[in-house]
Every structure is written in structure tokens, then in C-alpha cells.
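A.B. asks: Give me coordinates for this.
(2 chains)
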Amino acid sequence: GESVGLHLPTLSVQEGDNSIINCAYSNSASDYFIWYKQESGKGPQFIIDIRSNMDKRQGQRVTVLLNKTVKHLSLQIAATQPGDSAVYFCAENMSSGGSNYKLTFGKGTLLTVNP
Amino acid sequence: GAVVSQHPSRVICKSGTSVKIECRSLDFQATTMFWYRQFPKQSLMLMATSNEGSKATYEQGVEKDKFLINHASLTLSTLTVTSAHPEDSSFYICSAQKGTSGRSSYEQYFGPGTRLTVT
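C.D. replies: Below you'll find the predicted structure:
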């Protein structure tokens, strides 16, 4: 079936290093992708998004790359800080009929930043 | 801003009882709200889409008679877990969609979640 998955369930980095979190998706019809950060016991927090007509988008310390050829999405975090420690989810936005959309979340990657 | 609140943040109930969780969009109106469930160390799974003034749309495998959703106003949706059982213990998260057209129809703003424990 259609799904969004992640290559790496856990990632441990040193403070100051760059982090790369990967995501594979299988629905070629998805036209919008979002990365969320979720801290323990809290709801998801929007980080960055990208439309399917783009291959790169940059934010503050974060960059999302989209490779539609291989259906791959990545989140790059520059100069990773201890406060970046959390679970990161990719999500794809799919039409659920008419003008309605719904999000399908990937499995999540736990990022641990060591001081 | 786009702030979404949930109440309660934590609830413990006895098996067989019902629990109501509220989701409110505090500074915007939301025609559409979503309810997710998240088990420990797992991803968010969409349970249902709640549209103001109409019946909710449930995902496959979600019992509509067990998880009652009411979206009575543009700022409030409620999820009632009826006859709760220990296996219903989970983290329930709602989100609200800010717009109804264009780019804003994609944007979901998430609440802080409600931890339900059924004993």
C-alpha cells in the first residue's frame, strides 16, 4: 500500500554537527510534504514544507530536499543543538477526495544531540 | 498566529467509562479538524476528519460508534471515547486546518495532545 517511511529510526550527532534525516515516500501523486518535530509528550511542531514543484527549500538552519525521481525527502539541520533533540516526522499531503486533504506520517526518526 | 489547544492534557479513567477530549482553535476558525492517535514510539495515525456542521469521516479500521466526533462550531471539535478499554490508552492529538483554499488548505496546526490512560 501507499506509505511514507524512514531509512533511519535513530540518529545520534555531536553538538555543532550537521544532521540529515531521510524519508522515502511511495505515493507519486503527493504534491506537498512537511517535516515536523515532536518533543516528548507534545504535539508535532511544523518545521518546514516543500511543494512537489520544488527540489529544495531552505529555512533557518534547516533545508528540505525533495528527489521525486527516487521518491526521497530529506531534512538537513545545520549546526545541530541540544534543543534539536526530538523525534522528526515527515508527512505527505494527499487528496482524500474533492478539495479535502489529509496527512500521512512517516515512522519517525529520534534525533539525539550529544553536548 | 495559529494556536490549537486541547483539554484535558491528561486523563485517567476506569474501563467502561467514556471520556471527552476537546480541541479548540484559539485565534482562527477551522472548518476542518483532524484527530490522530499515537501509541508509544510510533507515528501519528489519522483517525478521522472532522468537518464543521457535518458528519466526520473515519479512516478504515476506526470504529465511529466508539470514537464519537462532534464539530459543532468553527473553533471546537470534540472526541468522545465511549466504553473505554485499556487498549484505548494512547496519546490523542488534534489538528486544525486554517484555510479552505489554496496553500492554506494544506496547513494543519497541531494541539499539544491528550494522554489517555484507561485502568
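
A.B. asks: any chance you could map the helices in chain A?
C.D. replies: Along chain A, no segments are classed as helices by DSSP state H.

A.B. asks: Look through it and state the residue closest to chain B.
C.D. replies: For chain A, the residue closest to chain B is A:Gly43, as judged by CB to the nearest CB, at 3.9 Å. The way it works is simple: take the backbone N, C-alpha and C, and place the C-beta from them, glycine included.

A.B. asks: OK, contacts around that residue?
C.D. replies: Counting by CB atoms under 8 Å, 6 or more residues apart in numbering or on different chains, A:Gly43 makes contact with B:Val4, B:Gln6, B:Ile93, B:Ser95, B:Phe110, B:Gly111, B:Pro112, B:Gly113.

A.B. asks: Phi and psi next, for the closest residue to B:Val4 other than its chain neighbours.
C.D. replies: Leaving aside its sequence neighbours, B:Val4 sits nearest to B:Gly111 (CB to CB, 6 or more residues apart in numbering or on different chains; 4.2 Å). Note on B:Gly111: backbone dihedrals following degrees, to the nearest 10 are phi -80, psi 180.

A.B. asks: quick one: contacts for B:Val118?
C.D. replies: Taking CB under 8 Å, 6+ apart as the test, what B:Val118 contacts is B:Ile12, B:Cys13, B:Lys14, B:Ser15, B:Ala84, B:His85, B:Pro86, B:Glu87, B:Asp88, B:Ser89.

A.B. asks: Neighbour-wise, which one of the contacts of A:Gly43 leads?
C.D. replies: When neighbours are counted by other CB atoms under 10 Å in any protein chain shown, B:Gly111 leads the contacts of A:Gly43 with 28 neighbours.

A.B. asks: ok, that one to A:Leu111 distance?
C.D. replies: 23 Å (CB to CB, to the nearest Å).

A.B. asks: ok, what's across the strand from the residue of chain B found nearest chain A?
C.D. replies: Residue nearest to chain A within chain B (CB to the nearest CB): B:Phe110, separated by 3.9 Å. Beta-bridge pairing for B:Phe110 (DSSP bridges): B:Ser95.

A.B. asks: Please name the residues that touch it.
C.D. replies: Counting by CB under 8 Å, 6+ apart, B:Phe110 makes contact with A:Tyr36, A:Gly43, A:Pro44, A:Gln45, A:Phe46, B:Val4, B:Ile93, B:Cys94, B:Ser95.

A.B. asks: A:Asp84 is in contact with A:Glu39, correct?
C.D. replies: No. Taking contacts as CB atoms under 8 Å, A:Glu39 lies outside contact range of A:Asp84: 10.1 Å.

A.B. asks: These two: who's more crowded?
C.D. replies: When A:Glu39 and A:Asp84 are compared on other CB under 10 Å, the one with more neighbours turns out to be A:Asp84, at 18 against 12.

A.B. asks: residues touching that one, list them.
C.D. replies: A:Ser19, A:Lys37, A:Ile77, A:Leu111, A:Val113.

A.B. asks: Ok, B:His85 next?
C.D. replies: B:Ser15, B:Gly16, B:Val118.

A.B. asks: Let's see that with 10 Å instead.
C.D. replies: B:Ser15, B:Gly16, B:Lys66, B:Val118 (CB atoms under 10 Å, 6 or more residues apart in numbering or on different chains).

A.B. asks: Okay then, goodbye and thanks.
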